[in-house]
Every structure is written in structure tokens, then in C-alpha cells.
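Peer 1: the sequence and its predicted three-dimensional model are supplied below.
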Amino acid sequence: MTDLPTFITGLPKVELHVHHVGSASPRIVAELAARHEGRSPVPADPEALADYFAFRDFAHFIEVYLSVVDLIRDADDVWLLTHEVARELARQRVRYAELTVTPYSHVHRGIPAEAFCEAIEDARKRAEADFGIALRWCFDIPGEAGLPAAEQTLRIALDQRPDGLISFGLGGPEIGVPRPQFKPYFDQARAAGLRSVPHAGETTGPETIWDALRELGAERIGHGISAALDPALLAHLAERRIPLEVCPTSNVRTRAVASLDEHPLPQLVAAGVPVSINSDDPPMFGTTLNDEYAVAARLLKLDPDGVAALARDAVAAAFLEPAEQARITAEIDAYRASAVS
Ligand SMILES: O=c1[nH]cnc2c1ncn2[C@@H]1O[C@H](CO)[C@@H](O)[C@H]1O
């Protein structure tokens with residue numbers, strides 16, 4: 001039998017919770033930083049980045065994240081970043097990814113919305129041709145920028161409406177950023193056919209997840225790990241088949257969870273809650289999607305059949321046409337069957 005890490009490496013996957021800037025490789029970040037001639041706190045040396053990507057707490061993580069966003073100056077940077085992120089996703093055998101981008105943050109730094117959308121769309125189409133990966137976009141509101149960011153994110157989504165745009169999200173800190181205030185923006189996004197996928201229950205309790213469900217019409221929850229504290233919420237998520245986008249190493253590196261052995265993933269699965277496994281901001285957290293599958297396999301005590309089932313569950317949670325879901329699921333099944341037993 002192929003050993004589990006090798007099995008995971010070749011397993012076709014989808015990724016549903018992974019951030020655009022957060023996926024910039026150390027090489028790309030160093031290249032972008034080098035052009036700012038020391039005006040940026042971001043090291044221009046890939047090795048030094050590992051130390052820079054060590055976070056005191058979640059607020060510090062957001063501060064570091066935004067310092068990398070500052071490096072992205074124009075549409076060419078956006079194109080390069082997007083195409084390289086797609087290359088790395090394909091190396092993880094990702095066949096389809098819903099990539100979270102934050103247009104507000106880039107427009108706010110001087111990149112016109114139209115140029116931003118043209119760059120991501122062109123990179124998406126080139127990535128499909130170059131790497132055989134299908135990318136779709138989630139436009140997320142950076143919660144720390146509040147309602148002005150919500151308004152502009154919605155405007156860009158509705159006015160530009162790039163072909164790859166399928167969902168509308170809410171990221172950034174949860175503490176001090178209550179979800180209900182964003183209801184009018186999610187209502188308009190959903191009315192326009194965008195799927196609702198806010199972060200909730202990453203760094204705050206179950207009530208934030210209830211708010212995301214009741215006020216923002218959440219169809220999936222980013223992280224949602226504090227649901228483990230609320231049996232009624234666990235039952236609700238399980239009964240309604242509302243998937244959580246779980247990112248185990250992210251939660252440890254941002255100090256949302258003390259250690260992997262204390263991660264609530266086993267409780268969520270035991271309660272019958274649908275979960276997908278994701279990397280969130282892989283280079284920033286020193287991980288990859290394959291590493292996250294290995295973490296999940298360890299925490300859930302999975303064999304290859306169990307790991308293949310995780311991949312199928314992520315496909316089922318994706319905003320994919322049924323025919324596309326069937327195609328990727330068939331690839332997973334064929335791969336599982338072909339792995340030497
Ligand atoms: O794990 C995460 N939780 C919340 N926000 C995140 C995470 N990773 C990246 N971001 C990004 O941080 C930005 C702050 O402006 C948000 O846009 C969000 O997309």
C-alpha cells in the first residue's frame with residue numbers, strides 16, 4: 001500500500017478556503033518586497049520571511065497580512081501573484097479552487113477595480129490553460145475596514161461582475177466586528193446570485209456563527225470551529241448540511257487554537273457536521289493543502305479511504321455544477337482505486 005503522505009500528494013482535491021495574498025509564495029513576496037527598497041517591513045529574503053510569519057495573536061496576523069497587501073502595487077503584480085498561486089494549487093493536485101480575493105484592499109491602495117478584475121480574470125483563464133485548474137472567486141469584505149469596505153466590495157462585485165465570481169465573504173478580525181451590520185450587503189449580493197460564505201467562529205464564539213447563518217444567509221462558514229462549544233449549533237449544521245471550511249494549522253498559527261491536538265475538528269466530525277479541509281494562507285502558516293490533509297488524517301485517524309472521503313466531502317461542499325462535481329468525484333474514485341492496495 002502506498003504510504004498515506006504519498007497517497008495524499010496524488011489525490012485530486014478541491015480547495016474552498018484559501019486567500020489570494022495569503023497564498024503568495026515566499027519567492028513572490030520577497031520579489032515584491034525587494035522592489036520597495038526597504039520601505040516595507042516585509043523581508044526581501046525568503047528565508048527571513050519564516051521568522052516574519054510568526055504571529056503573537058490574530059490581530060498581529062492581520063497586521064502582517066496587510067503589510068504583504070501593501071506590496072501589491074499594480075495590475076501586473078496582481079496577475080503575477082494570481083498565476084503563481086494557481087501554479088502552486090495545481091502542484092497540490094487541486095482541480096478546482098474558490099480563491100478569496102479582497103478587491104477593496106487593492107482598490108484602496110490605488111489599483112482601479114476594472115484593472116484588478118481584468119488581471120485576476122486573465123490569470124484565471126491562463127491558469128486553466130497552463131495548469132488545468134479551475135479557479136473561481138470569492139470577493140470578501142475586510143471586516144476591519146467596516147461598512148465603507150462592505151459598500152465598495154459589493155459595488156465592485158456588482159459593477160465589474162468578473163466571470164469567475166461566485167461568492168461573497170467577510171474576512172479579517174471578528175472581535176469588534178459584529179456580523180449583523182453587514183446584512184444589507186449580503187442581502188444584495190445574494191439577490192444578485194452570489195453565494196454567502198462569511199468567516200465566523202474562528203476567533204469568537206458560537207454566537208458569531210449563529211449571526212452569520214441568521215443575518216448573512218451563510219451557506220458555508222469560514223472556519224466555524226467554535227461551533228464545537230454549542231451542541232444546538234452542531235445539530236443545526238449537521239441537520240441542514242451546512243459545511244465548515246476548516247483550516248487546522250491556520251488556527252494554531254494565529255493562536256485561535258492552542259495546538260493541533262486540541263483542535264475541535266474531531267468533535268465537529270463526530271457531530272456529523274460536513275467539513276472541508278483547507279490551507280487558508282499556506283506560506284504564511286508554513287503549510288500546504290497536502291499537509292492539512294495529513295493533519296486531518298492524523299486527528300481523525302483516517303486510512304486512505306477516509307482521506308478520499310474528505311476530498312469527496314469538499315467537492316460536495318463546493319459551489320460547482322453537479323456535472324463538474326461528478327467529474328472531480330470520479331477522478332477521486334479512480335485515483336483511490338488505482339492506488340496500490
Ligand atoms: O484566517 C483568516 N481569517 C480572517 N481573515 C483572513 C484570514 N486569512 C486571510 N484573511 C484576510 O485578511 C484580510 C484582512 O483585511 C481579509 O481581507 C481576509 O481576506
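Peer 2: Received the coordinates, thanks.
Peer 1: what's the end-to-end length of stretch 59-79?
Peer 2: 28 Å (Cα to Cα, to the nearest Å).
Peer 1: buried set for it?
Peer 2: Across stretch 59-79, burial judged by 16 or more other Cβ atoms under 10 Å covers 61-62, 64-66, 68-72, 75, 77-79. The way it works is simple: take the backbone N, C-alpha and C, and place the C-beta from them, glycine included.
Peer 1: mind listing which of these are in helices?
Peer 2: 61, 62, 64, 65, 66, 68, 69, 75, 77, 78, 79 (DSSP state H).
Peer 1: can you tell me how far the fifth one is from the ligand?
Peer 2: When Cβ to the nearest ligand atom, to the nearest Å is the yardstick, residue 66 and the ligand sit 6 Å from each other.
Peer 1: grab the nearest non-local neighbour of that residue.
Peer 2: residue 105 (7.4 Å; Cβ to Cβ, 6 or more residues apart in numbering).
Peer 1: doesn't that neighbour lie inside a helix?
Peer 2: Yes. Per DSSP: H, G, I helix; E, B strand; the rest coil, residue 105 lies within a helix segment.
Peer 1: pull the contacting residues for residue 252.
Peer 2: 258, 259, 260, 263 (Cβ atoms under 8 Å, 6 or more residues apart in numbering).
Peer 1: and it, what pLDDT?
Peer 2: Predicted confidence (pLDDT) for residue 252: 98.
Peer 1: how distant is whichever strand or helix holds it from the center of its chain?
Peer 2: Per DSSP states H and E, residue 252 falls inside helix 248-253. Mean-position distance between helix 248-253 and its chain equals 13 Å (Cα atoms, centre = their mean, to the nearest Å).
Peer 1: identify each buried residue in the next helix or strand after that helix, please.
Peer 2: Toward the C-terminus, helix 248-253 is succeeded by helix 265-270 as the next helix or strand (DSSP H and E). Applying a neighbour-count criterion of 16+ other Cβ under 10 Å, the buried positions in helix 265-270 are 265, 268, 269.
Peer 1: and what of stretch 212-219?
Peer 2: By 16+ other Cβ under 10 Å, the buried positions in stretch 212-219 come out as 212, 213, 215, 216, 217, 218, 219.
Peer 1: dump that stretch to PDB, keeping only the CA atoms.
Peer 2: C-alpha atoms of stretch 212-219 as PDB (Å, rounded to 0.1, in the frame of the first residue of the first chain):
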ATOM      1  CA  ALA A 212     -23.600  34.500  10.100                       C
ATOM      2  CA  LEU A 213     -26.400  32.000   9.500                       C
ATOM      3  CA  ARG A 214     -29.300  34.100  10.500                       C
ATOM      4  CA  GLU A 215     -28.200  37.600   9.400                       C
ATOM      5  CA  LEU A 216     -25.900  36.900   6.400                       C
ATOM      6  CA  GLY A 217     -27.600  33.800   5.000                       C
ATOM      7  CA  ALA A 218     -24.300  31.800   5.200                       C
ATOM      8  CA  GLU A 219     -24.300  28.700   3.000                       C
END
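Peer 1: contacts for that stretch?
Peer 2: With Cβ under 8 Å, 6+ apart, stretch 212-219 has contacts from 170, 179-180, 182-183, 186-187, 190, 195-198, 200-201, 209, 221, 236, 242.
Peer 1: so is it next to the ligand?
Peer 2: No. Using Cβ under 6 Å from any ligand atom, stretch 212-219 stays clear of the ligand, with a minimum separation of 12.8 Å.
Peer 1: now the buried members of the contacts of stretch 212-219.
Peer 2: Buried among the contacts of stretch 212-219 by 16+ other Cβ under 10 Å: 170, 179, 182, 186, 190, 195-198, 200-201, 209, 221, 236, 242.
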